[in-house]
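Engineer: Predicted model and sequence below, questions to follow.
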Amino acid sequence: MKRPTAPHAEVLISDPRWRAALGNVEQLVQRACIMAQRYGHIFLEDAPAPSFVFADDQHIKRLNAQFRGKNKPTNVLTFEPPAPMLGGDIILAYQTMRREAEQARKSLRAHTAHLVVHGLLHLAGHDHHHPGEARQMEGLETFILRRMGFGDPWKPRHA
């Protein structure tokens, strides 16, 4: 059986701290796309991949205020595609992600992989507004991330 290949995701790094902290960001994103497709069955054949923007808190705060009415930064925003042949957008904020990773005693690489997969699942129609949805989405995130070589993103680490 042919292994699925994910469409090539476009990656824009607007904050250079991402590259300094993670190195080859594009490789991490592409691997997450492939694994999410393989284990989450989230892309249709020939569907476009989303674009990823690795930004800072200021950028994501503006978007969060404009589109969600929340005048504060957040870790990741996912925007549905405006048309069927576009792949949507996933935007991540460096400072918030770095702080969350440190607080959870996890690597920024693991936290970034988690939120890339999280965004991909949102684009595929998964959500976490209700407890049943949240359990299903979190289980799928954990399953995919473990296959990527990361631990359970929901399990707290102790010092």
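Structural biologist: Right, received. Where do you want to start? Worth saying up front: this structure is predicted, and the values here are computed from it rather than measured. Numbers count the residues shown, from 1 in each chain.
Engineer: Is the most centrally placed residue in the chain in a helix, a strand, or coil?
Structural biologist: For the chain, the residue nearest the mean C-alpha position is Val116 (1.5 Å; Cα atoms, centre = their mean). Of the three states, Val116 takes helix under DSSP: H, G, I helix; E, B strand; the rest coil.
Engineer: Quick one: the strands in this protein, in order.
Structural biologist: 10-13, 51-55, 76-79, 89-93 (DSSP state E).
Engineer: now the helices for the chain?
Structural biologist: Assigned by DSSP state H, the chain shows helices spanning 17-22, 25-40, 57-68, 94-103, 108-123, 131-147.
Engineer: Tell me the buried residues in the helix or strand of the chain with the lowest mean pLDDT?
Structural biologist: When each helix and strand of the chain is scored by mean pLDDT, DSSP states H and E, helix 131-147 comes last, with a mean of 87. For helix 131-147, the neighbour count (16 or more other Cβ atoms under 10 Å) marks 137-138, 140-142, 144-145 as buried. Using the backbone N, CA and C atoms, a C-beta is placed for each residue, glycine as well.
Engineer: could these go into JSON lines alongside distance to Phe67?
Structural biologist: Shown next, in JSON lines, are the buried residues of helix 131-147 (distance: Cβ to Cβ, whole Å):
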{"residue": "Met137", "distance to Phe67": "21"}
{"residue": "Glu138", "distance to Phe67": "24"}
{"residue": "Leu140", "distance to Phe67": "25"}
{"residue": "Glu141", "distance to Phe67": "23"}
{"residue": "Thr142", "distance to Phe67": "28"}
{"residue": "Ile144", "distance to Phe67": "26"}
{"residue": "Leu145", "distance to Phe67": "27"}
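Engineer: Out of those residues, which is nearest to Val76?
Structural biologist: Using Cβ to Cβ, Glu141 is the member of the buried residues of helix 131-147 that sits closest to Val76, with 12.3 Å.
Engineer: Could you report the distance from the closest residue to Ala101 other than its chain neighbours to Gly151?
Structural biologist: Once flanking residues are discounted, Ala101 sits nearest to His111: 4.0 Å by Cβ to Cβ, 6 or more residues apart in numbering. Noted for His111: a distance of 11 Å to Gly151, by Cβ to Cβ, to the nearest Å.
Engineer: The closest residue to Met97 other than its chain neighbours - how many residues pack around it?
Structural biologist: Spatially, and ignoring its direct neighbours in sequence, Met97 is nearest to Asn75 (5.4 Å; Cβ to Cβ, 6+ apart). For Asn75, the neighbour count with other Cβ atoms under 10 Å is 23.
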